[in-house]
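[1] any chance you can model this:
(chains A and B)
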There are 2 protein chains.
Amino acid sequence: MPSSIIFKAIPNGYPIIGEHMEFVTREIDIENFPLADGEILVKNQYLSLDPYIRSKMRNPEIKANLSAYKIGEVLDGYGISIVVKSNNKNYQVGDYYVGFIGWEEYTHVPANAVSGIECLAKEISKYKVPESYFLGLLGMPGMTAYVGLNKIGRPEKGETIFISSALGAVGQVVGQLAKIKGLRIIGSAGDDSKIKYLNEELNFDGAFNYKTCNIDEKLKELCPNGIDIYFDNVGGEILDIVLNHLNNNARVVSCGMISQYNSKTPYGIKNLFQVIKKRLLIQGFIISDHYKEMDLFIKEMGELIEQGKLKYKEDIVKGIQNAPEAFLNMLTGKNFGKVIVKIF
Amino acid sequence: MPSSIIFKAIPNGYPIIGEHMEFVTREIDIENFPLADGEILVKNQYLSLDPYIRSKMRNPEIKANLSAYKIGEVLDGYGISIVVKSNNKNYQVGDYYVGFIGWEEYTHVPANAVSGIECLAKEISKYKVPESYFLGLLGMPGMTAYVGLNKIGRPEKGETIFISSALGAVGQVVGQLAKIKGLRIIGSAGDDSKIKYLNEELNFDGAFNYKTCNIDEKLKELCPNGIDIYFDNVGGEILDIVLNHLNNNARVVSCGMISQYNSKTPYGIKNLFQVIKKRLLIQGFIISDHYKEMDLFIKEMGELIEQGKLKYKEDIVKGIQNAPEAFLNMLTGKNFGKVIVKIF
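    Numbers count the residues shown, from 1 in each chain, chains lettered A, B, ... in the order given. All right, here's what the predicted structure looks like:
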């Protein structure tokens, strides 16, 4: 029987399976499923799990870019699906659909559910890459890396970039793109096997396990000329330490603060005076503001992939019932690459 | 006998007169004063006291844009002087000199002491304003306001700007320039008489005494549509609270962090996650990077002054012996407008 993961209660700290996220099953009659004008019914193939989802598990009174989940609602995320029933002239049965789906096997997509990345559905069959790449390297995380690095980081050949969560969905793309542009690339991750992968497979110039190292000393050792761009996926203490290693006119690309999403008391950043001392720029962004550049992104990335210049490490989990655990593993850094749930 | 204020010891917290800054007198024989090629001897008229001077009273091992003072050295700052002896073809006796001078009556200016604002000396007699304005409204603080507001703040008509230390040397210019551009201008200061002046003389749309108000509630009341630009002169707790009131895509002009310069333990900023949530930009700058725009600045400001559109509140203290106390008063917010020492 088709199944879903629903949002059961607002977590304080890490969500707990059963308490905040619950597996439920429900009947679905595909043949007789009613569709209003413009609506489609899709069978979900791949679901992307990303840290921002945690930020939607909040008290709905707290306003933010992304709406909060309602209690009892199915959790959602970007996905790749196949249309199984359509009342929308743009979709035929059998077409790919790329956009927001539920953490479930079948999703009823409303007419107005425009996520801005639907155009990717037309691209999937053009590229000789796994379909799931359209949720990672060629999807929202890849584009986040591309936009953040180029528009905020503004990399120059010979500069040094430091990337936290460097083997994450975004980080690994940032590192490879920066390397192609001639930067010295240094990364951190929370596991020795990830460090080995960064050094040996992704050609990082240096990488360290932030859980077992003295971060300050490692940055001194690996970035002897300071840091020009910090691509920040974690926030908190690492950001605070990095501020002391930045060069004049350095840029901090504020992409994520995974260290803070589950924290009951936010970390207090003490070195922000460096912003003045070193004329720093710290800038956040939301990828949906930049979807108009999707074509350019796909074109440039497609060329690099064809030239064999980009790798992408995925951590694929099978079965929607395993999504909550995979999500928790990602929040605690136990994933190894971009987390994808293969549903069918 | 001519006198100077010298740097006596590195303060931890607020500097103490006698302990960290000392008044000394010394002989000077102007007529026989030896000048190497390119050097001049100047008689100091006005000395500007600015918060950045505190940041030079540090352990010289801590690197920063501005060099640390050496023990025994005369303190310095921007000043307006009259050349009394010259071995430099660009300066005749009687000319104005604008640039770095000591906290003293006569300064021996070395040939290489280029501060980037010498060009102001030629402008002084062109404008019908007090000479001292070339240390404030038409000097480094005015230009800091102009560059920070326009290049980082990028103000748009109808937006709301909040300015901390709004009656300071920089803040009062920011407010007036923003008002001319059609923004709602809200400011804070640490004294009720300053609030009255902001409201009544500088036409602020709202102002509050941060020492006696609930800052969060005041911002809610005075900025009902949120804040689009925060011109930050103070850092610390006010910055932390403001982060929660910023609109999407707001800009924080990091101009100063006076709340932190004398603090023994830096304040920990807890709301930096707003940078991601609201796509914020936080940027620091140093005015000397922008001196190439000095001509444009003088031209635009000169026109506004001629049209009677700009006021400038100065807090003028007489006598070099009173500079240390005036400096301390500024650090603790007891000044009322731009602090200038009138030396002769």
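[2] and the pLDDT at A:S288?
    At A:S288, the predicted lDDT confidence score is 88.
[3] which residues of the stretch 151-300 of chain A fall in strands?
    A:160-163, A:184-189, A:206-209, A:227-232, A:246-254, A:281-284 (DSSP state E, counting those that start in this stretch).
[4] the third one pairs with which strands?
    Meaning strand A:206-209. Here strand A:206-209 is paired, per DSSP bridges, with strand A:184-189 (parallel).
[5] neighbouring contacts of the partner strand?
    Under the criterion CB atoms under 8 Å, 6 or more residues apart in numbering or on different chains, residues A:158-167, A:171, A:175, A:178-179, A:195, A:198, A:203-210, A:215, A:218-219, A:222-223, A:227, A:238, A:333 lie in contact with strand A:184-189. Where C-beta positions appear, they are placed from N, C-alpha and C, glycine not excepted.
[6] ok, stretch A:314-330 next?
    A:3-5, A:14-15, A:17, A:21, A:23, A:44, A:47, A:49-51, A:53, A:75, A:103-105, A:130, A:132, A:136, A:335-343.
[7] wait, A:L272 touches A:L243, no?
    Yes - using CB atoms under 8 Å, A:L272 is in contact with A:L243, at 7.0 Å.
[8] show the buried residues in the contacts of stretch A:314-330.
    A:3-5, A:15, A:21, A:23, A:44, A:47, A:49-51, A:53, A:75, A:103-105, A:130, A:132, A:136, A:335-343 (16 or more other CB atoms under 10 Å in any protein chain shown).
[9] shouldn't A:G77 be within a helix?
    No - under the criterion used here (DSSP: H, G, I helix; E, B strand; the rest coil), A:G77 is strand, not part of a helix.
[10] contacts only, for it.
    With CB under 8 Å, 6+ apart, A:G77 has these contacts: A:L47, A:S48, A:L49, A:D50, A:I53, A:F100, A:I101, A:W103.
[11] tell me the buried residues in stretch A:202-221?
    Neighbour counts using 16+ other CB under 10 Å place A:L202, A:F204, A:D205, A:G206, A:A207, A:F208, A:N209, A:Y210, A:I215, A:K218, A:L219 of stretch A:202-221 among the buried residues.
[12] so what's the residue count around A:K277?
    Residues near A:K277, counting by other CB atoms under 10 Å in any protein chain shown, number 21.
[13] hang on, the earlier thing: now, which of the contacts of A:G77 sits nearest chain B?
    Nearest to chain B among the contacts of A:G77, counting by CB to the nearest CB, is A:D50 at 13.1 Å.
[14] kindly identify which of the contacts of stretch A:314-330 also come near chain B.
    Of the residues in the contacts of stretch A:314-330, proximity to chain B by CB under 8 Å from any CB of the partner chain holds for none.
[15] the residues you listed in helices, which ones?
    A:I53 (DSSP state H).
[16] what is the nearest of the contacts of A:G77 to B:G142?
    Nearest to B:G142 among the contacts of A:G77: A:D50, at 46.5 Å, using CB to CB.
[17] show the pLDDT at the closest one.
    A:D50 is given a pLDDT of 93.
[18] for it, grab phi and psi.
    Note on A:D50: backbone dihedrals following degrees, to the nearest 10 are phi -130, psi 150.
[19] who in the stretch 1-150 of chain A is up against chain B?
    For the stretch 1-150 of chain A, the contact set with chain B under CB under 8 Å from any CB comprises A:S55, A:A64, A:N65.
[20] rewinding a little: and A:L272 and A:L243? which has more neighbours close in?
    Per other CB under 10 Å, whichever of A:L272 and A:L243 has more neighbours is A:L272, with 28 against 23.
[21] check contacts around that one.
    With contact set as CB under 8 Å, 6+ apart, A:L272 has these partners: A:L243, B:G235, B:L239, B:M257, B:I269, B:L272.
[22] tell me how far the spatially closest residue to A:A64 that is not a sequence neighbour lies from B:N248.
    Excluding its sequence neighbours, the residue lying closest to A:A64 (CB to CB, 6 or more residues apart in numbering or on different chains) is B:K277, at 5.0 Å. Computed as CB to CB, to the nearest Å, the B:K277 to B:N248 distance reads 9 Å.
[23] just checking, the residue nearest to A:A64 touches A:K56?
    No - between B:K277 and A:K56 there is no contact under CB under 8 Å: 11.8 Å.
[24] which strands and helices sit next to the longest helix along chain A?
    Ranked by residue count, the top helix of chain A under DSSP H comes out as helix A:294-306. Counting contacts by 3 or more CB pairs under 8 Å, 6 or more residues apart in numbering or on different chains; DSSP states H and E, helix A:294-306 packs against helix A:140-147.
[25] at 6 Å instead, please
    Judged by 3 or more CB pairs under 6 Å, 6 or more residues apart in numbering or on different chains; DSSP states H and E, helix A:294-306 is in contact with no other helix or strand.
[26] helix or strand right after it?
    For helix A:294-306, the following helix or strand on the C-terminal side (DSSP states H and E) is strand A:314-318.
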